[in-house]
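Visitor: sequence and predicted structure are below.
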Amino acid sequence: MSHPDNNPYNAPSPYGQNPYGQNSTPPPVPPAPNSPYENVPQGSNSPYENSPYAQSPYAQSPYANGVPQGVQTEEGKKKSTLAIVFGIIGLFLFPIIFSSLAIYQGKQATALGGNGKPGFILGVVGWVLFVITTLFYLMNR
């Protein structure tokens, strides 16, 4: 067993410095960066009230096109269903009529809060296929 006086780790270095190359006193702690909450007035709840990211002073309307956002009306649902049906029919039969109806019903469904995009897209695809097949038919005559 070793004697406490023989412990090489507690012995002072013969060279006058810490044997591990470190100062015996830790370096001073740098000051903390400025917090955004330091200069907040007492009546304020947020440091961002006067920033350019604050809420607009004008009230935002919860309505788009007269319909609350995120709310589908019954008429909008019906028109979106009609747009999809017309779009599917327009891919196979009478694309001039049914694809045009799908585009029209899709726009109306979107304006009424329904999901008219699929029917609108089917109508456009029906028209594009009609134009391509017509051009192909006329060129190979």
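Guide: Alright, I've got the coordinates.

Visitor: find me the pLDDT at the residue lying closest to Gly116 once chain neighbours are set aside, would you?
Guide: Sequence neighbours aside, Ala109 is the residue nearest to Gly116 in space, at 3.1 Å (criterion: C-beta to C-beta, 6 or more residues apart in numbering). Using the backbone N, CA and C atoms, a C-beta is placed for each residue, glycine as well. For Ala109, the model assigns a pLDDT of 93.

Visitor: my read is Ala109 is in a helix, agree?
Guide: Yes - according to DSSP: H, G, I helix; E, B strand; the rest coil, Ala109 belongs to a helix.

Visitor: these two touch, right, it and Lys79?
Guide: Yes - counting by C-beta atoms under 8 Å, Ala109 does reach Lys79; the two are 3.7 Å apart.

Visitor: which one's more surrounded, those two?
Guide: Neighbours per residue (other C-beta atoms under 10 Å) separate Ala109 from Lys79, with Ala109 holding more: 28 against 25.
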